[in-house]
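Chemist: Show me how the following folds:
(chains A, B and C)
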Amino acid sequence: MPQPSLYQEEHYPSPLQYTWMEFKKNHIAVAGLFCFAFFLIITIFCPLLAPFDPNMQQIGDLLIPPSWYPNGGISHLFGTDALGRDLLSRIIYGCRTTFGISLWLVIVAMFLGVGLGALAGMSKGFRSSFINHTLDSIQAIPTLLIAIIIIAILGTGLVNSMWAIALALIPQFVHQTRDFIRHELSKEYIMAAKLDGASKTHIFVHSILPNMGEMLVVQGTLALSVSILDISALGFLKLGAQAPSSELGAMLLEGIEVAYIAPWTIAIPGGALFIMIISINLVGDGLRSALRNRLLH
Amino acid sequence: MTNVLLRYTNLVLATLFVLSLLSFILAYLFPGQPIENLTGLRLDELAEHQNSELKYAVDANIFVQYWHYMGELFAGNWGVSFSSGLPLIEDVSHYLPASIELSAYALFLSFFIGLPLGFLAALRHHKLTDYSLLSISLLGYSIPVFWLALILILFFSLQLGWFPLSGRISLLFEIPRATGFILIDILLSDSIDKTAAFTSALRHLILPTLSIAVVTTTLIIRITRRSVIKTLNSEFILAAYARGLTPRQVLMRHGVRNALIPILPLLAMQFPTLLTNAMIVESIFSWPGIGNWLIQAIYQQDYPAIRAGMLAVSTLVVIFTMSIDLTIRLTDPRRRRAERATT
Amino acid sequence: MNILEKHNIKHWVQTALILLASICLCACDGLLLSKTDPNGIVYCSEGSPANFNPQLDTSGTTVDASSHQIYDRLIDFDPITGDFVPALATSWLISNDGKTYTFQLRRKVSFHDTQTFTPTRFFNADDVLFSIDRWRLMTHPFHHISGGRYPYTDSLKLGDLITKVTRLNGYRVEITLNKPESSFLANLATDFAVILSAEYADKLISRNQKELIDHKPVGTGPYQLASFRQDRYIRYTKHPKYWRNIELTDKLIFDITPSSSLRLAKLITAECDAIALPAHSELEVIKQQDELVLDEKPGLNIGFWAFNTSKAPFNNPEVRRALGMAIDKNALIEAIYFNSAIVAKNIVPPTSWAFQSDVRPLSYNPIAAKKLLREQGIPENFSMTVWAMPVQRAYNPNATKMAELIQAYLQKVGIQVNIISYEWSTFRERLSQGIHDSVLIGWSADNGDPDNFYRPLLSCAAIESGTNRAMWCSQEYDLLINKALQYTDISERTYFYGQANELLAEQLPLIPIAHASRYQAHRKELQGLVINPYGGVRFGGVKKIQ
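Modeler: Residues are numbered from 1 along each chain as shown, chains lettered A, B, ... in the order given. Now for the predicted structure:
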């Protein structure tokens, strides 16, 4: 129930609202957000959306072109692959595998990364210095390279590649969190809290953590696009998800076999991956500039 | 100055120590016998060798083993590959230059295209040019590199027939190996038709270089653009105008230099990303590089090869990033009191 | 930032960009126009050979890379008629009892002059003795080099068959057998009966580098090995003193390209002049391209699904039958071979005289299969492995895909399938250890004699030599196929092979799936390349017209 406003008071939006207002101004970013939501819906409701079982092979219907081809059929919107599996269903399930798993990995990596980052940022001395040095070395190495190293140890497979990517994503979060905490610790409100006699834990939980949300969301979108690229690249290199799985990178690899006669088997999974990453990057970019604009005002 | 140098040498040595330790531990983490994973020789072959020193090393405790391992590493004896039986140091020194070459050309290409475009976008800030460049760069860094490579192949190789799609050079040319960098090797050799070989090598280079360069170029455009905008908004630029310099003079004397210095390390830091992308692209273009080789080794569970490959690649990346960091530290006064120095 | 705009900065940047673009375009133009490669033939092969001696390896990859390029045999098959024609032996004589073979050898045949070896003499009887004794005699100094297993000759027990090989004089050799065997001459003409250099072997002994004999080979063939890099390429150069008067190019290169689609792509972009094993799905594409030629011949081969009969429950013929009934071979052939193969009934193809069309068929019936499985005590959700070979072969162009289809079929009868695949040499090594449940693999004949199917694939001796993938050993079967060899008359032999066919249809150690046609694709410029129905590819006499 809206409160009657008695005074001619100016409305001050909260920082979050302000960010959203800035974000809304950027139409392309909003389109990206819709796209992102679309993929999220696919990921959650994919069994309801897919017309066929993604692994059902119809040997009578091999390599049917998508429906917009002159000889395409209506029953398979995106056509079928070399084993007669419906490509639309595989793409839908592939989005779930690639997008869903990446999202999950980012969340896991974020929790662990923030924890470690807090430890590094709040502490001083040897422990901090050690973590910093290790981090600086690791940070320069691309996640995919780290993931490949980890897979070399664990062996190939989807689960192993998940471990690998989650582990490879953590350092970024640690680094960002640590820098953020460093930065915040030098601010006056922290000093005030310290003078009030707050403990380190208290400062972190009550003063720093609430301010970290936005940084984490921005970092999270970055990590998400990296994670999607990595998981599909590993699938594509046959190091991650293996053949019958409908992971988008693995599908792309299967498509190469028939790329010349059935270009849609690489065009469609690759396109889906591309749109997925664009939408995430759009959202990430939009958020970042919205935050920047808010801070400028 | 000496202080910084010392600090970096220390850091590099420490990191390399950690890496070598890691590669040693890998032999224990991999399935199978550690000694097999370290040498690449099977147990029965080892028994045949009757290498007394080796036997001593196997029986000794882990520190002695590590000491021996390091000794062998420095002596250039990295073990042999399970699958091909060739000495690993030979394999690595054969494949690594190919990857470095590819990444280096891609990096140069990205600089060549990315820097001017970044400046252009910044100079036309909030104009159509800026927006279109930004959108293109967004597309560029969202595109999965392996998909891009496939599309380039489908279009340029198979449809148009312009470029070959595999290898570094037509196999009919036999280039004697001197440096491992194919273009240099061609120039050094004298037994073959140089022009034909050079053309062949360039034609093979174009598509892989392009596929890797796209992502990096777009990143460079964005980084440059942001830095130039920031620089042009600084007070010293205003001051330069106030002194009556023409815009061209301002840009050339103050803008370019000050915009470039802070981003050079960021740009150089693209090298590891580039190398990773190169590893993926190599396997598509059958480029005889370290990535392709390493991935094959993983398929074949060739643990000695994985161990040596990892060590070589990570050493390269670490030394590269650290030396860039050091160069910047030594040349840029603003970073002297950067964070790392104070901790 | 507006301050900059009225001035020439942007023009300056734009000019630079235009300049850059035009430089690029000019350079590209030059690159596109000139395609002058040196003289030579590039063949895109499917894998790395294990070594360069076909005596040691029956894998088609090794045979292709060595047999007809580096070596010659005493006698050859005529690729068109299938008759024996002279090669290193100019003539031969068989005694009336069928036990003694005398070969007259060709004079003035030179061996390769390589980096490691310079021959001082021509080919003579010593080389023949060395080549045969190497696999025949356990005591031979080279017998145990490179593993000491000679899968082809071991599986046929040729070593036991030959009692002695004698040098009558420098150019005359006599081989004595302990019993007549009708397929003996055919075996000497196969890809595996190559002639090595005895002089080179002596050199290696004196240098204590015996293992080089199979890796730095010396033969009399049209091409000599220049260099080999695993998974990359094999380079050959012309043998300048080759004894046959045929066309040879300066360089022959095997560009090792495991992916079949990549091979086709390279053929289209003219990076290869010929490719091994074009994928069956892409045959239409090749036919449509004007500059490509596709050759086709009915193949002497069999693609099958073998069960490891040394392991329970696959030692039970009824379980094997049930599994066989659970898969639809016609559908497999449509999906994997794109109808370029015929459904296999026996292990020999219909072109062979030992083929039998009236043998007990195995029809697709998942319901009966499921029932039979339960009767034999196989529980619901029983899990088994199907090993799928990682390389393409004419007899099975895509084993992984076939394994996925079989996986789907077996799911319907309540069996979970794990598909296993390793890199090719590891795959075969582990297969020989017998740790698989079942495997999708096959066999291509090396000569026209049906014995070439029956013995290497399923005889007891072939378990040891590693070609019997079913690990199946039956005394009754061995007796039948050995009897068949003692006769030369085809109708008598057909009788015994008929009995063997019946036995196989009843026991089903393996499920025959398909006999595929053989294809070879090359560019129009390449002339003289023909499909060799009895084994490996030959590049002697092939030339490229500019």
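
Chemist: tell me the centre residue of chain C?
Modeler: Most central in chain C under CA atoms, centre = their mean is C:G60, positioned 1.7 Å from the mean C-alpha point.

Chemist: Okay, helices next: where are they in the stretch 51-200 of chain A?
Modeler: A:87-95, A:101-122, A:126-139, A:143-154, A:158-185, A:188-195, A:200-202 (DSSP state H, counting those that start in this stretch).

Chemist: Kindly report the same for the stretch 201-343 of chain B.
Modeler: For the stretch 201-343 of chain B, helices defined by DSSP H, counting those that start in this stretch occupy the ranges B:235-242, B:247-250, B:256-268, B:270-284, B:290-299, B:303-331, B:339-342.

Chemist: Could you save these as CSV and add columns showing mean pLDDT, mean neighbour count and distance to chain A?
Modeler: Where you see a C-beta, it was placed from the backbone N, CA and C, and this is true even at glycine. Shown next, in CSV, are these (pLDDT from 0 to 100; neighbours: other CB atoms under 10 Å in any protein chain shown; distance: least, CB to the nearest CB, whole Å):
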stretch, mean pLDDT, mean neighbour count, distance to chain A
helix B:235-242, 80, 14, 17
helix B:247-250, 77, 18, 24
helix B:256-268, 75, 17, 10
helix B:270-284, 85, 25, 4
helix B:290-299, 87, 24, 5
helix B:303-331, 81, 20, 4
helix B:339-342, 40, 11, 7
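
Chemist: For C:L458, which of those helices is the nearest?
Modeler: helix B:290-299 (31.4 Å; CB to CB).

Chemist: which other helices and strands contact that closest one?
Modeler: helix A:143-154, helix B:88-123, helix B:270-284, helix B:303-331 (3 or more CB pairs under 8 Å, 6 or more residues apart in numbering or on different chains; DSSP states H and E).

Chemist: Make JSON lines from the ones you listed and add distance to chain C to it.
Modeler: Putting the helices and strands packed on helix B:290-299 into JSON lines (distance: least, CB to the nearest CB, whole Å) gives the following:
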{"stretch": "helix A:143-154", "distance to chain C": "15"}
{"stretch": "helix B:88-123", "distance to chain C": "5"}
{"stretch": "helix B:270-284", "distance to chain C": "9"}
{"stretch": "helix B:303-331", "distance to chain C": "11"}
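
Chemist: I'd like to know which of those helices is closest to A:S102.
Modeler: Here helix A:143-154 is closest among those (CB to CB), at 11.7 Å.

Chemist: tally of neighbours for the residue of the stretch 151-300 of chain C found nearest chain A?
Modeler: Relative to chain A, the nearest point of the stretch 151-300 of chain C is C:S261 (5.1 Å; CB to the nearest CB). Using other CB atoms under 10 Å in any protein chain shown, C:S261 has 20 neighbouring residues.

Chemist: how much space between it and B:P144?
Modeler: C:S261 is 19 Å from B:P144, where distance means CB to CB, to the nearest Å.

Chemist: what about C:R167, which SS state?
Modeler: Assigned state for C:R167: strand (three-state reduction, DSSP: H, G, I helix; E, B strand; the rest coil).

Chemist: Skipping adjacent residues, who's closest to it in space?
Modeler: Distance criterion CB to CB, 6 or more residues apart in numbering or on different chains; nearest residue to C:R167, sequence neighbours excluded, is C:A125 at 4.3 Å.

Chemist: Past the lengthiest strand in chain C, which element shows up next along the chain?
Modeler: With secondary structure taken from DSSP state E, chain C has its longest strand at strand C:510-523. Per DSSP states H and E, strand C:510-523 leads on to strand C:526-527 as the next helix or strand towards the C-terminus.

Chemist: Parallel or antiparallel, list what pairs with that next one.
Modeler: Using DSSP bridges, the strands paired with strand C:526-527 are strand C:543-544 (antiparallel).

Chemist: what mean pLDDT does the strand it pairs with have?
Modeler: Averaging pLDDT along strand C:543-544 gives 84.

Chemist: Could you list the residues of the stretch 1-150 of chain B in contact with chain C?
Modeler: B:83-84, B:86, B:112-113, B:116-117, B:119-120, B:122-125 (CB under 8 Å from any CB of the partner chain).

Chemist: Any of these buried? List them.
Modeler: For the residues of the stretch 1-150 of chain B next to chain C, a burial check counting by 16 or more other CB atoms under 10 Å in any protein chain shown picks out B:83-84, B:113, B:116-117, B:119-120, B:122-125.

Chemist: what bits of the stretch 101-250 of chain A have low per-residue confidence?
Modeler: A:124-140 (pLDDT under 70).

Chemist: Contact residues of it facing chain C?
Modeler: Counting by CB under 8 Å from any CB, the residues of the stretch 101-250 of chain A near chain C are A:243-244.

Chemist: which residues touch B:Y303?
Modeler: With contacts defined as CB atoms under 8 Å, 6 or more residues apart in numbering or on different chains, B:Y303 is in contact with B:26-27, B:30-32, B:36-37, B:82.

Chemist: What sits closest to C:D127 if chain neighbours are left out?
Modeler: Of all residues not flanking C:D127 in the chain, C:A198 sits nearest, at 4.8 Å (CB to CB, 6+ apart).

Chemist: pretty sure the one you found is touching C:L129, no?
Modeler: Yes: C:A198 is in contact with C:L129 according to CB atoms under 8 Å; the separation is 7.2 Å.

Chemist: quick one, which of those two is more surrounded?
Modeler: C:A198 (22 against 17).
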